[in-house]
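# model this:
(one chain, ligands or ions: 1)
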Amino acid sequence: MANTSERGFFTSRIGIILATAGSAVGLGNVWRFPFMTGQNGGAVFIILYIGCIFLLGIPGMVSEFIVGRRSHANAAHAYQEISGRRSWGLVGYLGILTSTIILGFYAVVAGWCLQYLGVSIAGQLQGDTAAVTTYFQQFSSHPVKPALLGVVFILITHFIVVRGIQGGIERASKLLMPVLLLLLVIIVIASCSLPGSLQGIEFLLRPDFSKVTNEVMLEALGQAFFSLSLGTACLCTYASYFSHHTPLFKSAVQVAVMDTMIAILAGLMIFPAAFSVGVQPDSGPSLIFITLPNVFQQAFATMPVVGWLISIMFYALLVFAALTSTISMHEIGTAFFTEEHRLPRQRAAWLITSCCSVLAVLCSLSVGAVEGIGLMGLSLMDFCDQLTAKFMLPAGALLTSIFIGWFANQQVVRNEFTNRGTVATSLFPAYQFAVRFVLPILIVLIFLRQTGII
Ligand code: TRP
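Numbering: from 1, shown residues only. Next up is the predicted model:
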């Protein structure tokens, strides 16, 4: 493939970690994780989710890192190059397709965040719970505005992606991630100190094992993969910009821990407040857009200016967290068309931008403005979310682990895992066991049980 300096690369280890964490940390943590937890029984879901992150997510991440860094190529080429067979390139193609679909519906939610940033600044997120709920419903089912904001978000992503790897992404991630963490902690404290919040904390911490169903297991698996950006060759693409000294296992653990911590903090931010204001925890994708404005108003009722500032900062950071994720999704397809089809980077990026924008508009319309845009009884938005998280991501991760465990040259895999025998050598057998057996068997089992075959 093209030589490294021509393709661009991350310049420092901290840049690598933060850019990868930037891809992982996003709406998946702050928006999707809380509402999934709410719909799937609270604490038990979190336990299953953490299990999936550490048992399946980390080995899965390392596998994608290995494919990407070894080949220094785009997703499709990377799998072909390591296997020497064209057919394995299909895993890369699947990843490119999946990430394009995800970008389509993700941008709609990111657009909602943009709107909430705007109305926060204008100080318009006011009123009781009913008023805030109505506001969200009216806004999200508006035929033009949310669709337009979704497209705007994709365009912002586009203009960053065409500038290449280092400048924007690396620097912005370094600054924004710590601020996001700090702000989350402040809001968690505010939320937990609202009257009646204890019930919410209990919901998050006291598991009710009768709620474990096959469906919940698959949802936890899907959420874990979604949150780690696993299963679409996204991590493989980012790893193609890693240096040979980057310790892959350690980096995966660091990113996974950061990602999980932020998701749990987001849960602690939402549920105590949701219970406090009487919003149902299983109210779905609208959850954060209804509970948070209430937190900001009630927790800071005596200091409205502080509430106003925190709400602005919060939505601004949500927008940035979403942006570092959409960039990573966009980059997969852009790198592919640039390198494989020899399109100029600009043109390749426009191709992805156009496809995702069409999908984003349709998804946005499907949640209220136009009846009947959907499949299998779900709105197109929910359908894309479910299809990708529950099927395409696990399928991508499954194929990657089979590829690394059974088809790739094990000496090459070992060399990459251990940086040619210099790091984590004693962990290699455990990793190899995980990708050969644990990951494929568990994913297949979860699938089969969910479809009712066993
Ligand atoms: N992980 C991101 C989040 O939690 C979303 C994301 C970015 C993603 N890139 C991805 C999800 C690739 C799946 C695949 O918000």
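
# give me the residue from the stretch 351-454 of the chain nearest the ligand.
Residue nearest to the ligand within the stretch 351-454 of the chain: residue 393 (6.1 Å; Cβ to the nearest ligand atom). Where C-beta positions appear, they are placed from N, C-alpha and C, glycine not excepted.

# what's the burial count for that residue?
By the criterion of other Cβ atoms under 10 Å, residue 393 has 27 neighbours.

# which secondary structure element contains it?
Using DSSP states H and E, residue 393 sits in helix 393-402.

# which is the next helix or strand following that helix?
Next along the chain after helix 393-402, taking DSSP H and E as the criterion, comes helix 410-417.

# returning to that earlier point: could you tell me which residues within the helix holding residue 393 count as buried?
For helix 393-402, burial by neighbour count (16 or more other Cβ atoms under 10 Å) applies to 393, 394, 395, 396, 397, 398, 399, 400, 401, 402.

# Name the spans of this structure whose pLDDT lies under the cut-off.
1-9, 11, 165-173, 369, 452, 454 (pLDDT under 70).

# Quick one: name the residues of the protein near the ligand.
Along the chain, the residues adjacent to the ligand under the rule Cβ under 6 Å from any ligand atom are 23-24, 26-29, 99, 102, 226-227, 229, 232, 234, 325, 328-329.

# Spatially nearest residue to the residue of the stretch 351-454 of the chain closest to the ligand, not counting backbone neighbours?
Once flanking residues are discounted, residue 393 sits nearest to residue 231: 3.4 Å by Cβ to Cβ, 6 or more residues apart in numbering.

# That neighbour: what's it in contact with?
Residue 231 is in contact with 60, 95, 98, 225, 392, 393, 394, 395, 396, 397, 400, counting by Cβ atoms under 8 Å, 6 or more residues apart in numbering.

# Isn't the second one up against residue 236?
Pointing back at residue 95 there. Yes - at 7.3 Å, residue 95 counts as touching residue 236 under the criterion of Cβ atoms under 8 Å.

# Inside strands: which ones of the residues of the chain next to the ligand?
Where these are compared with strands, as defined by DSSP state E, there is no overlap at all.

# Closest to residue 265 out of those?
Nearest to residue 265 among the residues of the chain next to the ligand: residue 29, at 8.4 Å, using Cβ to Cβ.

# how about the nearest residue to the closest one, chain neighbours excluded?
Leaving aside its sequence neighbours, residue 29 is closest to residue 263 (4.3 Å, by Cβ to Cβ, 6+ apart).

# Can you report how many residues neighbour that neighbour?
By the other Cβ under 10 Å criterion, the neighbourhood of residue 263 contains 27 residues.

# Report the secondary structure element holding it.
For residue 263, the enclosing helix or strand under DSSP H and E is helix 248-277.

# following that helix, which helix or strand comes up?
Following helix 248-277 in sequence, per DSSP H and E, is helix 287-299.

# Let's verify the residue at the greatest distance from the centre of the chain: helix, strand, or coil?
Taking Cα atoms, centre = their mean as the measure, the residue most remote from the mean C-alpha position of the chain is residue 302, 35.6 Å away. Here residue 302 is coil, with the state taken from DSSP: H, G, I helix; E, B strand; the rest coil.

# quick one, what contacts it?
Counting by Cβ under 8 Å, 6+ apart, residue 302 touches no other residue.

# thinking again about what came up before, check which helices and strands the helix holding residue 393 sits against.
Using 3 or more Cβ pairs under 8 Å, 6 or more residues apart in numbering; DSSP states H and E as the contact definition, the elements that helix 393-402 packs against are helix 58-71, helix 89-121, helix 214-228, helix 439-451.

# Only alpha carbons, please: show the last one as CSV.
Meaning helix 439-451. The C-alpha coordinates for helix 439-451 follow below in CSV (Å, rounded to 0.1, in the frame of the first residue of the first chain):
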residue,chain,number,x,y,z
LEU,A,439,-15.3,-14.8,20.8
PRO,A,440,-16.7,-16.9,17.9
ILE,A,441,-18.5,-19.4,20.2
LEU,A,442,-20.1,-16.8,22.4
ILE,A,443,-21.2,-14.6,19.5
VAL,A,444,-22.7,-17.6,17.7
LEU,A,445,-24.4,-18.8,20.9
ILE,A,446,-26.0,-15.4,21.5
PHE,A,447,-27.2,-15.2,17.9
LEU,A,448,-28.6,-18.7,18.0
ARG,A,449,-30.4,-18.3,21.3
GLN,A,450,-31.9,-15.1,20.1
THR,A,451,-33.3,-16.6,17.0
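
# contacts for that helix?
Applying Cβ under 8 Å, 6+ apart, the external contacts of helix 439-451 come out as 55-56, 59-60, 214-215, 217-218, 221, 394, 397-398, 401-402, 405, 454.

# about what we covered before: which neighbours do residue 95 and residue 236 have in common?
Once Cβ under 8 Å, 6+ apart is applied, the residues that residue 95 and residue 236 both contact turn out to be residue 75.

# Name the residues that touch stretch 39-52?
In this structure, residues lying in contact with stretch 39-52 by Cβ under 8 Å, 6+ apart are 33, 36-37, 203-209, 211-212, 215-217, 219-221, 223-225, 260, 263-264, 267, 271, 281-282, 284.

# Spatially nearest residue to the residue of the chain found nearest the ligand, not counting backbone neighbours?
Among the residues of the chain, residue 28 lies closest to the ligand, at 2.1 Å counting by Cβ to the nearest ligand atom. The shortest distance from residue 28 to any non-neighbouring residue, by Cβ to Cβ, 6+ apart, is to residue 227 (4.2 Å).

# which ones are touching that neighbour?
With contacts defined as Cβ under 8 Å, 6+ apart, the neighbours of residue 227 are 24, 28, 29, 32, 33, 53, 259, 260, 263.

# and residue 410, what does it touch?
When contacts are counted by Cβ under 8 Å, 6+ apart, residue 410 touches residue 432.

# any idea how far it lies from residue 36?
When Cβ to Cβ, to the nearest Å is applied, the distance between residue 410 and residue 36 equals 36 Å.

# is it true that residue 296 touches residue 309?
No - contact criterion Cβ under 8 Å: residue 296 and residue 309 do not qualify, at 9.5 Å.
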